[in-house]
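> I would like to see how this sequence folds:
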Amino acid sequence: MKLKWLGHSCFLITSSAGVRILTDPFDSTVGYKVPEVQADIVTTSHDHFDHNFVEAVQGDYYHIKTSGQHRVYGIEITGVDTLHDDAGGSKRGSNVVFTFLVDGMKICHLGDLGHLLTDEQIKQIGEVDILLIPVGGTYTIDSLEAAKLVDLMNPRLVVPMHYKTPVMNFPIDGAEKFLARVDHVHSPGSQELELDSASFHPPAKVVVLDYE
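This is a model prediction of the structure:
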């Protein structure tokens with residue numbers, strides 16, 4: 001399996017069989033290069049411009065944006081209902097956390113999660129191998145909440161997302177505050193990781209990917 005970060009909350013996950021999953025594509029206002037890529041499956045955690053720009057996706061694809069159980073091209077996908085804020089959704093609405101079972105590994109994409117997950121939500125998500133987690137605060141959980149959630153979920157690998165970088169101007173924190181709260185951080189100097197469930201040995205607990 002290959003995991004590639006395209007910026008913000010957008011990842012391209014490619015299975016060993018070549019099935020391509022794209023998460024939360026964004027439009028040009030975000031600042032990163034718009035991910036004009038081909039995909040077989042596209043998930044959007046909520047309907048905000050920086051997470052639902054499916055117009056950029058090329059080819060025929062299956063769009064998933066709801067909670068529940070989905071199975072597409074042999075990939076098991078589960079959506080769990082959460083909220084985009086800590087005020088019952090009154091500020092920013094809802095958010096769907098998606099998990100993907102790819103090549104024997106479970107990947108969890110938290111979308112724009114705005115609160116700590118409840119015990120019941122963590123139970124619905126289940127054990128996670130790879131956690132894609134927002135860390136920038138303001139519109140999502142902040143660095144402290146993200147670090148707490150890492151402890152609660154105990155994934156084997158954590159990849160931070162949705163944080164400020166030099167190319168985007170959202171009023172959110174960079175990754176530094178989160179990275180200061182966690183151990184075993186590695187920056188491979190690449191956009192992409194290649195992982196194998198038979199020999200799953202991440203280079204570190206937390207991996208910070210580059211963007212294009």
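> now stretch 86-103, how far from the centre of its chain.
Centre-to-centre, stretch 86-103 and its host chain are 11 Å apart (CA atoms, centre = their mean, to the nearest Å).
> hey, C-alpha coordinates of that stretch in PDB?
Extracted C-alpha coordinates of stretch 86-103, given in PDB (Å, rounded to 0.1, in the frame of the first residue of the first chain):
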ATOM      1  CA  ASP A  86     -17.200  21.100  20.300                       C
ATOM      2  CA  ALA A  87     -20.600  22.800  20.500                       C
ATOM      3  CA  GLY A  88     -22.800  20.000  19.300                       C
ATOM      4  CA  GLY A  89     -22.200  21.000  15.700                       C
ATOM      5  CA  SER A  90     -23.800  24.400  16.100                       C
ATOM      6  CA  LYS A  91     -20.700  26.200  14.800                       C
ATOM      7  CA  ARG A  92     -19.600  24.100  11.900                       C
ATOM      8  CA  GLY A  93     -21.900  21.200  11.500                       C
ATOM      9  CA  SER A  94     -21.100  17.500  11.200                       C
ATOM     10  CA  ASN A  95     -18.000  15.500  10.200                       C
ATOM     11  CA  VAL A  96     -17.600  11.800   9.200                       C
ATOM     12  CA  VAL A  97     -14.600   9.900  10.300                       C
ATOM     13  CA  PHE A  98     -13.700   7.200   7.700                       C
ATOM     14  CA  THR A  99     -11.700   4.000   8.100                       C
ATOM     15  CA  PHE A 100     -10.300   2.000   5.200                       C
ATOM     16  CA  LEU A 101      -9.200  -1.600   5.400                       C
ATOM     17  CA  VAL A 102      -6.400  -1.700   2.700                       C
ATOM     18  CA  ASP A 103      -4.000  -4.700   2.300                       C
END
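> in that stretch, what counts as buried?
89, 92, 94-103 (16 or more other CB atoms under 10 Å). To be clear about C-beta, it is placed using only N, CA and C from the backbone, and glycine gets the same treatment.
> where along this protein do the helices fall?
Ranges of helices within the chain are 119-125, 143-153, 176-179, based on DSSP state H.
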